[in-house]
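**Student:** Build the 3D model from these lines:
(one chain, ligands or ions: 1)
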Amino acid sequence: MNDLSEELRLPVACPSCGSHLFRASQVHNPDDKVFCASCKRYLCLYSEAKELLRLGPGDEREALIEHVVNRPAK
Ligand SMILES: [Zn+2]
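**Tutor:** Alright, predicted model coming up:
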């Protein structure tokens, strides 16, 4: 097993399957991609995931959630 990723629990539901569990590389580069742990859909960049975790519940976080879930999957 050569798994260099870690799980992240984010306040965002995956647009495809509704999961809140995501996976990111352990390297933690700001432009690393964060994927859904269940369906592997691309969600956002690691820097955006960090921002989601940093922001408490509120308008600012809601706006960022809207931004990432409405972006087309890559
Ligand atoms: Zn998913």
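**Student:** Can the helix of greatest length in the chain be said to contact the ion?
**Tutor:** Secondary structure of the chain read by DSSP state H shows that its longest helix is helix 59-69. No: judged by CB under 5 Å from the ion, helix 59-69 stays clear of the ion, getting no closer than 11.0 Å. In this view, the C-beta of every residue, glycine as well, is placed from N, C-alpha and C.
**Student:** Remind me what that helix packs against, helices and strands.
**Tutor:** For helix 59-69, the helices and strands in contact under the criterion 3 or more CB pairs under 8 Å, 6 or more residues apart in numbering; DSSP states H and E are strand 42-45, helix 46-54.
**Student:** give me that answer again for 7 Å
**Tutor:** When contacts are defined as 3 or more CB pairs under 7 Å, 6 or more residues apart in numbering; DSSP states H and E, helix 59-69 sits against helix 46-54.
**Student:** tell me what the helix it packs on is packed against?
**Tutor:** strand 21-25, helix 59-69.
**Student:** can you put those in TSV and add mean pLDDT?
**Tutor:** TSV is the format used below for the helices and strands packed on helix 46-54 (pLDDT from 0 to 100):
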stretch	mean pLDDT
strand 21-25	95
helix 59-69	96
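**Student:** chain center to whichever strand or helix holds residue 7, what's the gap?
**Tutor:** Per DSSP states H and E, residue 7 falls inside strand 5-9. Averaged C-alpha coordinates place strand 5-9 at 9 Å from its chain's average position (CA atoms, centre = their mean, to the nearest Å).
**Student:** Just the buried residues of that strand, please?
**Tutor:** residue 8 (16 or more other CB atoms under 10 Å).
**Student:** List the contacts of stretch 16-28.
**Tutor:** For stretch 16-28, the surrounding residues in contact (CB atoms under 7 Å, 6 or more residues apart in numbering) are 4-10, 13, 32, 34-39, 41, 43, 46, 49.
**Student:** and what of stretch 60-73?
**Tutor:** Against stretch 60-73 from outside (CB under 7 Å, 6+ apart): 11, 12, 15, 41, 42, 43, 44, 48, 51, 52, 55.
**Student:** Highest mean neighbour count out of the helices and strands packed on helix 46-54?
**Tutor:** strand 21-25 (a mean of 19; mean count of other CB atoms under 10 Å).
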